[in-house]
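Visitor: build the 3D model from these lines:
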Amino acid sequence: MTTTTLAVLVPLLPFLGAAAGLLLGRTAPGFVRPLAVLPTLAALVLAVLVAARQGGGRALDAVTELTPTGSVPVELALHIDGFAALVAVLVALVATCVQLYSTGYLRDDPRYPSYAALVSLFTSAMLLVVYSGDLIVLLVGWEIMGICSYFLVGHYWETPEARAASLKAFLVTKLGDVPFLIGLFALATDAGSFRITEVLGAVAQGGLGHPTLTALLLLAGVAGKSAQFPLHTWLPDAMAGPTPVSALIHAATMVAAGVYFIARLLPVFESSGAAMTVLAVMAAVTMIGSALAALAQDDIKRVLAYSTIGQLGYMTGALAVADRGAAVFHLLSHGAFKALLFLAAGVIIHAAGTNSLAAMSRMRNLRARVPDAYWTMTVALLALAAIPPFSGFFSKESVLAAAEHVIGGHTEHAPLAAGWAVLVAGLVTALLTAAYAMRLWLLAFRGHGTEAPDHGRQPRVMNAVLWILAIPSLAFGGLAFRLLPDWFDGHGLTPTLTTSVLGTGVALVGGIITYGAWQHTTALAARVPLGAVAADRDGDAGLVEAEAIASHRPAYGDVAYAPDPADPGRLLLGPLHRHAAVGFHLDALYTALFVRPVRAGASLVRFLDREVVENYVRGAGTLPRWLGTAVRRAQTGNVQTYVSALLAGTVVLAVAAVLVATGA
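Guide: Residues are numbered from 1 along each chain as shown. Model (predicted):
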């Protein structure tokens, strides 16, 4: 079987599994789980074979024209280079783990058949994006992921949080997709083709008419899909969906699509220094802002959601300094340990007996109750904090080294300002990342909250998946920089001394400071009654944070929420904590700037429609109705009346005729 045929089957198998799952979900429920797992597992095997045959060498291209358009053709094209081959393996691996994990996590869910089918369709769409060599075909996968996220985030549609989160995710990403679509058409118009290779060839020859405008339009779609500032606000709320969905979205699909898109079309962005600067600023703001917000969250999944936003900021930062190798390296590394973090959080949530949320302020004695989650999450958090020799250290260090490379004047593809912005923001974010990773570990496994009821042991398949993902979280980075440089355009992945020392140093400082703050707050909490802290709400948190936390509190019975007095995040952030807890009020700002004006405009349109247009329509029908009423009343049914009216009319006509004749 040729490599092209194998590559076509990789996205096709999950699609067929999704279709079969939807058709047989009600009639043959016993086939649902095999149809969820086996096609995705087969796609993983085929993706590995495609990667082995591609081998990091020359890109594989195949094309078939779908339909003549009369102008720019739309083609079913494959373009598989080292990046595409590796990302496809990541997508299929995480999707397989999520499907296996879900068989235990959602084993009693009545809507599991539709859920499993949507996950398969989601996987197929992302694989289509990864392998596609045509921008329109890529757009198809891009949009299918958007609708799948809407249904999966809203899986628990009975709850208002899930309904609101799914709608918000759909609308915010579509807000970015509109300029993205315009940018694709502008790009194809300049290049004369939707083929990625043709577009890159046109860029190399200076064929783009408006490179800055085109790049910024595309960047809007990337910001929405990959949850970058200012279109990142949908991602934390998307945690209302099932935890395996969160793992899939955050680790290998949806949010990774935007970063991957820029990596494939990086020369388009490099053709505009302004676009690269905007990309760098966006990455820097995203990294620092999301890390501060993560340090203030109480729900464990919202911490991980803001963490994902920040790590995506690292990837876009690497792209802003014109190093797609570092960006994709961190995408692969992050995909493994972030999937592990979410699935380990799911084990904790499952043990707590809630659907999707778990407040760290209530966690207690979890290390003994979920030992598999404890050890694997520890590995993943060390990778997240970029502590050597875990995978996150190597990939994050490659991003910092790329920024240092720009500052040293070793490349002309990125502005110097972009290098400084990415390096400084990356180091600050490394400090904050280690801080919130340490805080999560302390509160989750050594917290002093109210112990939730024990809901028994988790299904074995859930714990088995955690250990599978722990392997790449620990070993991928070290193996990649030694064995895979050819897969990254020959880019050297070996850590450099300066950025390694700086990155590891600030990470250790962040972790140590957080541990010290936790010990200090724990000592204070031992001398202060918990009830007093709960009544006071810790003083500086304020009503805004109280409302925000209340809107995401999990169901641990009827016990009122009380913040953990030993939370080091409050001490570290100080007055900034109440603002960081609600995402620096961006949702409130967008509500004031956009939502309320749109609603006011809609109310005005509704008023004009009802009071003006409808009155006009009703008035236009009133006169005929009155005339009809008069005619109807003349229909008495009395023949004598009709004859009298006929004679009277005849007389009137005769008189009129005489008058006319006389006048003539």
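
Visitor: enumerate every residue touching the nearest residue to residue 184 once chain neighbours are set aside.
Guide: Using CB to CB, 6 or more residues apart in numbering and skipping residues adjacent in sequence, the residue nearest residue 184 is residue 135, 5.2 Å away. (C-beta placed from N, C-alpha, C; glycine too.) Neighbouring residues of residue 135 by CB atoms under 8 Å, 6 or more residues apart in numbering: 184, 187, 188, 194, 195, 196, 199.

Visitor: now swap in residue 422 and tell me
Guide: 280, 283, 284, 317, 318, 320, 321, 399, 402, 403, 406.

Visitor: alpha carbons only: can I get stretch 33-51 in CSV?
Guide: The C-alpha atoms that make up stretch 33-51 are tabulated as CSV, following Å, rounded to 0.1, in the frame of the first residue of the first chain:
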residue,chain,number,x,y,z
ARG,A,33,-17.2,1.4,22.2
PRO,A,34,-15.4,-0.7,19.6
LEU,A,35,-16.4,1.8,16.9
ALA,A,36,-15.1,4.6,19.1
VAL,A,37,-11.7,3.1,19.9
LEU,A,38,-10.7,0.8,17.0
PRO,A,39,-10.9,3.3,14.0
THR,A,40,-8.9,5.9,16.0
LEU,A,41,-6.4,3.2,17.1
ALA,A,42,-6.0,2.1,13.4
ALA,A,43,-5.5,5.7,12.4
LEU,A,44,-2.7,6.0,15.0
VAL,A,45,-1.0,2.9,13.5
LEU,A,46,-1.3,4.3,10.0
ALA,A,47,0.0,7.7,11.1
VAL,A,48,3.0,6.1,12.6
LEU,A,49,3.6,4.2,9.3
VAL,A,50,3.3,7.4,7.3
ALA,A,51,5.7,9.1,9.7
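
Visitor: quick one: the strands in the chain?
Guide: Ranges of strands within the chain are 60-67, 74-80, based on DSSP state E.

Visitor: okay, those in a markdown table with mean neighbour count, mean pLDDT and distance to residue 652 next?
Guide: Output for the strands of the chain, formatted as a markdown table (neighbours: other CB atoms under 10 Å; pLDDT from 0 to 100; distance: least, CB to CB, whole Å):
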| stretch | mean neighbour count | mean pLDDT | distance to residue 652 |
| --- | --- | --- | --- |
| strand 60-67 | 14 | 85 | 72 |
| strand 74-80 | 21 | 90 | 74 |
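
Visitor: quick one: closest of those to residue 516.
Guide: With CB to CB as the measure, strand 74-80 is the member of the strands of the chain nearest residue 516 (49.3 Å).

Visitor: hang on, the earlier thing: check the residue nearest to residue 184 and give its pLDDT.
Guide: pLDDT recorded at residue 135 is 94.

Visitor: residue 235 too?
Guide: Model confidence at residue 235 (pLDDT) stands at 94.

Visitor: now for the strands of the chain, which one comes closest to residue 23?
Guide: Ranking the strands of the chain by distance to residue 23, with CB to CB as the measure, places strand 74-80 first at 25.0 Å.

Visitor: who touches that closest one?
Guide: Judged by CB under 8 Å, 6+ apart, the contacts made with strand 74-80 from elsewhere in the structure are 3-4, 7-8, 50, 54, 59-67, 88, 131-134, 136-137, 194-197, 264.

Visitor: now the residue most central in space within the chain: closest residue in space that isn't a chain neighbour?
Guide: The structure's the chain has its C-alpha centroid closest to residue 255; by CA atoms, centre = their mean the separation is 4.3 Å. Ranked by CB to CB, 6+ apart and with sequence neighbours excluded, the top spatial neighbour of residue 255 is residue 226, at 4.9 Å.

Visitor: neighbours around residue 109, how many?
Guide: Other residues near residue 109 number 16, with proximity taken as other CB atoms under 10 Å.

Visitor: tell me the phi and psi of it?
Guide: For residue 109, the backbone dihedrals are phi -80, psi 120 (criterion: degrees, to the nearest 10).

Visitor: surely it is in contact with residue 115?
Guide: Yes - the criterion here is CB atoms under 8 Å, and residue 109 meets it with residue 115 at 6.8 Å.

Visitor: give me every residue that touches the closest residue to residue 164 other than its chain neighbours.
Guide: Counting by CB to CB, 6+ apart, residue 164 lies nearest to residue 237, which is 7.1 Å off, once chain neighbours are set aside. Taking CB under 8 Å, 6+ apart as the criterion, residue 237 is in contact with 161, 164, 165, 168, 169.

Visitor: identify the residues contacting the fourth one.
Guide: Under the criterion of CB under 8 Å, 6+ apart, the contact list for residue 168 reads 233, 234, 237, 238.

Visitor: of those residues - the most surrounded one?
Guide: Neighbour-wise, those (other CB under 10 Å) top out at residue 238, 27 neighbours.

Visitor: who's in contact with that one?
Guide: By CB under 8 Å, 6+ apart, the contact list for residue 238 reads 149, 153, 165, 166, 168, 169, 246, 249, 305.

Visitor: the residue nearest to residue 255: how many residues sit nearby?
Guide: Neighbouring residues of residue 226 were enumerated by other CB under 10 Å; the total is 28.

Visitor: what of residue 647?
Guide: Around residue 647 there are 10 other residues, counting by other CB under 10 Å.

Visitor: what about it, distance to residue 420?
Guide: Applying CB to CB, to the nearest Å, one obtains 104 Å for the distance of residue 647 from residue 420.

Visitor: now swap in residue 464 and tell me
Guide: Look at residue 464 and residue 420: by CB to CB, they are 45 Å apart.

Visitor: neighbour-wise, which of those two wins?
Guide: Set side by side, residue 464 and residue 420 show more neighbours around residue 420, with 17 against 14, by other CB under 10 Å.

Visitor: that one and residue 403, how far apart?
Guide: With distances taken as CB to CB, residue 420 is found 8 Å from residue 403.
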